[in-house]
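A.B. asks: what follows is a predicted structure for the sequence shown.
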Amino acid sequence: EILSGLVGSEMCIRDRPRSAESQVQRMAHRWPSLKMRVYRPMIIDATPSIQWIGPIRGFQREYRILAQWSWLEVAAVPYVFLLDPALKPRDGEDYIDIPHLILDGETPENSALCLFDPDEGQWDNTMWISDTIIPWASEWLHHYEFWHVDGVWRGANAPGPINIREMRRLAEGGQDGQRS
């Protein structure tokens, strides 16, 4: 059960998933600059998804993002991708060094932002995407901008490695280094 808001002076507990229609309506109200479309892949048995595309702010600049949610999959979580400017590592580093990234090994510039720890139940389909995922993406971008300046990730971290390079080092028996 997730706390989803206040009704009068009492807390309201919600244990049913939010409908696709309610998510779309809430997003249009909260983030009118994000334009919605339904994406239907041309692959047999592929699940359609709702996509929201548009600008959100990091710390000093605006970014064009794509937020995607496959609402027909019971356990589906939303993903956020940077469209413009494109995701990029710091000078002299690689995509595996970018903190909190769901790495796409084939096209790393198309990797999703890691906004929450799914193992900890930090997001589920009873929650509003507009009130969680989009603000979390804005916060991620804020930390991403600072990380580009000095290599230090100032956002909250889930337990364990902060990026793919650190994960690989630990898997090979290396020590958990200084978190950056």
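C.D. replies: Received, thanks.
A.B. asks: please name the residues that touch residue 81.
C.D. replies: Residue 81 makes contacts with 65-68, 87, 110-113, as judged by Cβ atoms under 8 Å, 6 or more residues apart in numbering. Any C-beta I mention is one placed from the backbone N, CA and C, and that applies to glycine too.
A.B. asks: of those residues, which belong to strands?
C.D. replies: Secondary structure assignment by DSSP state E places 65-68, 112-113 of the contacts of residue 81 in strands.
A.B. asks: ok so, going back, list just the nearest of the contacts of residue 81 to residue 39.
C.D. replies: Lowest distance from residue 39 to these (Cβ to Cβ) belongs to residue 68, with 7.2 Å.
A.B. asks: ok, now how distant is that closest one from residue 157?
C.D. replies: Separation of residue 68 from residue 157 (Cβ to Cβ, to the nearest Å): 24 Å.
A.B. asks: can you check residue 135 too?
C.D. replies: From residue 135 across to residue 157, the span is 18 Å (Cβ to Cβ).
A.B. asks: repeat for residue 79
C.D. replies: For residue 79, the distance to residue 157 - Cβ to Cβ - is 19 Å.
A.B. asks: between those two, point out the one with more neighbours.
C.D. replies: Per other Cβ atoms under 10 Å, whichever of residue 79 and residue 157 has more neighbours is residue 79, with 20 against 13.
A.B. asks: against which helices or strands is the helix or strand where residue 149 lies packed?
C.D. replies: Assigned by DSSP states H and E, residue 149 belongs to helix 133-150. Under the contact criterion of 3 or more Cβ pairs under 8 Å, 6 or more residues apart in numbering; DSSP states H and E, helix 133-150 touches strand 49-57, strand 62-69, strand 79-84.
A.B. asks: I appreciate the help and will end here.
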